[in-house]
Structure formats: C-alpha cells, structure tokens
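Trainee: build me a model from this:
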Amino acid sequence: MVGSHVPYKEAYKHLNKYDVLVVVGGNIDETVKKDEEPMSIVKAFVELQESDPKRERTLMSICTGALLLGKAGVLPGLSATTHPDFIRKFDELCITMSQRDLDEPTDVIEDTRYVVNNLRFELGDVDDNPYVHRKSDAGDRRPSMARYVLFPPRTALVLQ
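Mentor: This is a model prediction of the structure:
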C-alpha cells in the first residue's frame, strides 16, 4: 500500500529537493481524461532536470503510472512499458501525444517487466539492452541493474 504524505501544493514548493519522483499507477482513467495532477508536477520535475543537468534526478513509474508519464508528454524518444492489460491504451496515448506535440514517438515495449532509459549512456538495440527485462527472462533472471544506474537517492517523492 502506498500513501501520500505531501499535498501537491507543498510538493511544488520543495520539488528541487527531491532526487527521485515515483508515479504510481492504478485507477488512472479519470486522471488521464481530466489531465489532472500528477501531470503538471511530472513536467515540472523534468524541467528541473533539464535546467540543472549536473544534479541527476530520476523519474520512475510503477504499473499504469506510465500512462500518466505519457499524458504528461515526457516520454517522446524513450522506451517504456506498462501493465500488460494497458499496453494498447498506452501505445494509443503515446501516439496521440507525439502527434499533438509534433514530437518523436515513444517506443512502447510489450512483454517487458521494466525499462530503464538512462540518457547518459548509449544503451544500443532494445534486444541487446541489459536494462530491458522481459518476462521470458524470468527463468534466467538477471540481477537488478538499478545499483549500476543510480546512486542512493537522498530524497524521494511518491505521487499517488
């Protein structure tokens, strides 16, 4: 169970203090349709990273939280996945957003457990990428690559 402990208004005030922003999915249809939070705070967090690239910040989504990132328009040119039941909806949303913003498409990857986009390194082809973990790899499970990508964060903000 994930609970929120900081109202959005307060989170905006201290957004520059957070190293990690976690967007949790679940019951996202109304949020996407109404274009409500957390889309604005996600955009603001991404803008912080772009304005101060020396300080590494991480944006992460869980389950259908990827749809909220797609709606926020922060996924063009990146690879992403979501809950298998929402792949088609996610793909359609990403296509709509890239057409609306005249931006690069998002590479929506099916049958994948997680995707890491680390813009500091060239990750190569999706099939050879060690940061793309497919369900078929479960029997041959690789150790987590997260420790190689991130330094331990000082502070994290979880959006619900």
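Trainee: so what's the residue lying closest to Gly73 once chain neighbours are set aside up against?
Mentor: Using CB to CB, 6 or more residues apart in numbering and skipping the chain neighbours, the partner closest in space to Gly73 is Met97 (5.3 Å). In this view, the C-beta of every residue, glycine as well, is placed from N, C-alpha and C. Contacts of Met97 were listed using CB atoms under 8 Å, 6 or more residues apart in numbering, and they are 70-71, 73, 75-76, 103, 106.
Trainee: which among these count as buried?
Mentor: With burial judged by 16 or more other CB atoms under 10 Å, the buried subset of those is 70-71, 73, 75-76, 106.
Trainee: most widely separated two among the residues you listed?
Mentor: Of all pairs drawn from the buried ones among the contacts of Met97, the greatest distance, 12.4 Å, lies between Lys71 and Pro76 (CB to CB).
Trainee: returning to what we had before: would you turn the contacts of Met97 into CSV with secondary structure?
Mentor: Formatted as CSV, these follow (DSSP: H, G, I helix; E, B strand; the rest coil):
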residue, secondary structure
Gly70, helix
Lys71, helix
Gly73, coil
Leu75, coil
Pro76, coil
Asp103, coil
Thr106, coil
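Trainee: okay, now the residue nearest to Thr81 when sequence neighbours are not counted: neighbour count?
Mentor: Nearest in space to Thr81, with sequence neighbours left out and distances taken as CB to CB, 6+ apart, is Thr112 at 4.4 Å. Residues lying near Thr112 (other CB atoms under 10 Å) number 20.
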